[in-house]
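Sharing a sequence plus its predicted fold:
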Amino acid sequence: MPAPDAFAALARSSPWRWSTLRFTVSWPQNPHRPEAVRAWVRRPDLLRVESAGGELLRAERTRPQTVAGYGPRGGSVHVMTWASQSPPPPLRPDGLVDVRPENPLLSYDDPMHNSYDWVAMLDPAELADGRDQDTWDRAPAVAARSVTEVRHAGRPAWEAVVVPTATYEPRCGCCPLLRTREVDRREWDGDHLLDRYADAYRVRLDVQTGVCVLTEELGGERPGFGHDLRIEAVDEPMADRLFQ
């Protein structure tokens, strides 16, 4: 069975494990997302999304991000580069990423549809590394109760039952992969809290891609709440016309 540190390493490896992805995704128990969608992603910046019935919802290219820098001679603007187009950082013996580089000019984000949990499920590094809110030191984002090998939509996946730690830091606090009281308090200043949060979460990572293909709340007031992503193809050619 995979070890918890291997699960975390897979969660931080997605930017270097695939170039194109075709998939469907649904959000069980979520009244705000009642319908599944189908998507095509071509890294680093192209996205197409259709409804389950084939209606085009989005076809676009993400604009390059910029970062303002300040030095002894004044400010300057730098265009960020995409992590998915950069060489991978040093890898563990199993081929997974041990530590992701902290470079302000490196972007890990894939194109987004509606909210940042979309970005997080395609690159679920928030399930690997968190930060201490006082010291800003890195720390494990989740505590894994178990890690097992399973299949998801016919593909090899690793499933973990996890509990977020106090250092869990989602890509965006308003739309985390794992909703916690601590995150809600930081994001909403004490508003919009649930009466009962999940006791734990079932999480699955696709082994080939590192994509988070499933989250499911266990216990709490929203059992079953999460997402279910089913990969149809990896690294298939995708023509430019798909995204126009």
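Right, received. Where do you want to start? Source: prediction; values computed, not measured. Residues are numbered from 1 along each chain as shown.

so what's the backbone phi/psi at Thr165?
For Thr165, the backbone dihedrals (degrees, to the nearest 10) come out as phi -90, psi 180.

looking at this protein, which helix or strand is least sure?
strand 66-71 (a mean of 69; mean pLDDT, DSSP states H and E).

Assign the residue nearest the centre of the chain to helix, strand or coil.
Note on the chain: the residue nearest the mean C-alpha position is Ala120, at 2.1 Å, using C-alpha atoms, centre = their mean. Of the three states, Ala120 takes helix under DSSP: H, G, I helix; E, B strand; the rest coil.

got a pLDDT number for the closest residue to it other than its chain neighbours?
Excluding its sequence neighbours, the residue lying closest to Ala120 (C-beta to C-beta, 6 or more residues apart in numbering) is Arg171, at 4.3 Å. Glycine gets a C-beta too; all of them are placed from N, C-alpha and C. Arg171 is assigned 92 on the pLDDT scale.

in a strand, that's where Arg171 is, yeah?
No. Secondary structure assignment (three-state DSSP) places Arg171 in coil, not in a strand.

how far away is it from Val147?
Between Arg171 and Val147 the distance, using C-beta to C-beta, to the nearest Å, works out to 22 Å.

can you check Arg186 too?
For Arg186, the distance to Val147 - C-beta to C-beta - is 28 Å.

can you check Leu122 too?
21 Å.

who's more crowded, those two?
Leu122 (27 against 21; other C-beta atoms under 10 Å).

From what I see, Arg196 and Gly220 are in contact.
Yes. At 4.8 Å, Arg196 and Gly220 qualify as touching, with contact defined as C-beta atoms under 8 Å.

Show me which of these two is the more surrounded one.
Taking other C-beta under 10 Å, Arg196 and Gly220 do not tie; Gly220 has more neighbours (16 against 10).

For the more buried one, which residues are in contact?
The contact partners of Gly220, by C-beta atoms under 8 Å, 6 or more residues apart in numbering, come to Leu194, Arg196, Tyr197, Ala198, Asp199.

Any stretches of this structure with poor pLDDT?
Under the criterion pLDDT under 70, the flagged ranges of the chain are 69-75.

at 90 instead, please
Scanning the chain with the threshold set as pLDDT under 90 gives 1, 29-34, 63-80, 101-105, 131-138, 186-192.

where along it do the helices fall?
Secondary structure of the chain by DSSP state H: the helices cover 4-11, 116-122, 181-188.

how much space between Ala36 and Gln208?
Distance from Ala36 to Gln208, by C-beta to C-beta: 22 Å.

With Gly130 instead?
Counting by C-beta to C-beta, the gap from Gly130 to Gln208 is 25 Å.

out of these two, which sits in the busier spot?
Using other C-beta under 10 Å, the more surrounded residue of Gly130 and Gln208 is Gly130, with 20 against 15.

so that one makes contact with Ala143?
No. Judged on C-beta under 8 Å, Gly130 makes no contact with Ala143 at a distance of 10.9 Å.

which neighbours do those two share?
With C-beta under 8 Å, 6+ apart, Gly130 and Ala143 have common neighbours Thr165.

Would you check that Val77 makes contact with Val67?
Yes. Assessed by C-beta under 8 Å, Val77 is found in contact with Val67 at 7.2 Å.

For these two, indicate the residue with more neighbours.
Higher neighbour count among Val77 and Val67: Val67, with 12 against 8, using other C-beta under 10 Å.

which residues touch the closest residue in space to that one that isn't next to it in sequence?
Once flanking residues are discounted, Val67 sits nearest to His78: 5.1 Å by C-beta to C-beta, 6+ apart. Counting by C-beta under 8 Å, 6+ apart, His78 touches Thr66, Val67, Ala68, Gly69, Leu105.
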